[in-house]
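J.: Compute the structure for the input listed below.
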Amino acid sequence: MIFINKLQKPVVAALAVAGLAGAPAQAHHSFAMYDMQNVRVFTGVVTRVDPAPNHLAIFFAPMNEERKNVLRDENGEPIIWSVEMGGSAQMARQGVSVNAFPQGTVFSVAMHPLRNGENAGSREGGMFKCPERTPPAAGMHCDSVEGSIQIGNEPLPAPTIE
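T.: Residues are numbered from 1 along each chain as shown. Okay, the predicted model is just below:
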């Protein structure tokens, strides 16, 4: 048994704190910035994929209800949204990567939107990739298209907000 006297206690405590300080941080950001009570479902066209190690993000232009074009702002520019997902390595194992989702890919995803109203959110549930040059029918999503690829085991959840 080890006995520590009163003079040694501060030294032992300092060493313990120093040991913890050298350990790698396992922190993760909070999901408080997302409106976890609401889900939006989009079918959109990939503009780029950001393969950051912590969270892969897909930037996309949502398609109109007819699924013939993307939504545009008052200047005629595509409106861009982003969806944040798991880490790049994790997502690559699920089939989501820069190479698997090149610019122009049509896909459907559900997300919890940011509370601040910016065009971004955190993925919720499954995700579907439409076959090349085969967008869904008007008002539908890629999960309705024959030959679509499902990412994850979950279906697209029903939206709680439009």
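J.: Tell me how far the closest residue to Ala89 other than its chain neighbours lies from Val98.
T.: Leaving aside its chain neighbours, Ala89 sits nearest to Pro53 (7.6 Å; criterion: C-beta to C-beta, 6 or more residues apart in numbering). No exception for glycine: its C-beta is placed from N, CA and C like everyone else's. For Pro53, the distance to Val98 (C-beta to C-beta, to the nearest Å) stands at 13 Å.
J.: quick revisit: would you check that the residue nearest to Ala89 makes contact with Gly87?
T.: Yes - between Pro53 and Gly87 a contact is recorded at 5.9 Å, counting by C-beta atoms under 8 Å.
J.: neighbour-wise, which of these two wins?
T.: Ranked by neighbour count (other C-beta atoms under 10 Å), Pro53 and Gly87 place Gly87 first, with 14 against 8.
J.: Please name the residues that touch that one.
T.: When contacts are counted by C-beta atoms under 8 Å, 6 or more residues apart in numbering, Gly87 is found next to 53-56.
J.: try Met91
T.: Listed by C-beta under 8 Å, 6+ apart, the contact partners of Met91 are 56, 85, 97.
J.: top of the contacts of Gly87 by neighbour count?
T.: Leu56 (25 neighbours).
J.: Could I get the full set of strands for this structure?
T.: With strands called from DSSP state E, the chain shows them at 40-50, 57-62, 81-84, 106-113, 120-129, 149-151.
J.: Deepest-packed of these, please.
T.: Mean neighbour count, computed with mean count of other C-beta atoms under 10 Å, is highest for strand 106-113 among the strands of the chain, reaching a mean of 24.
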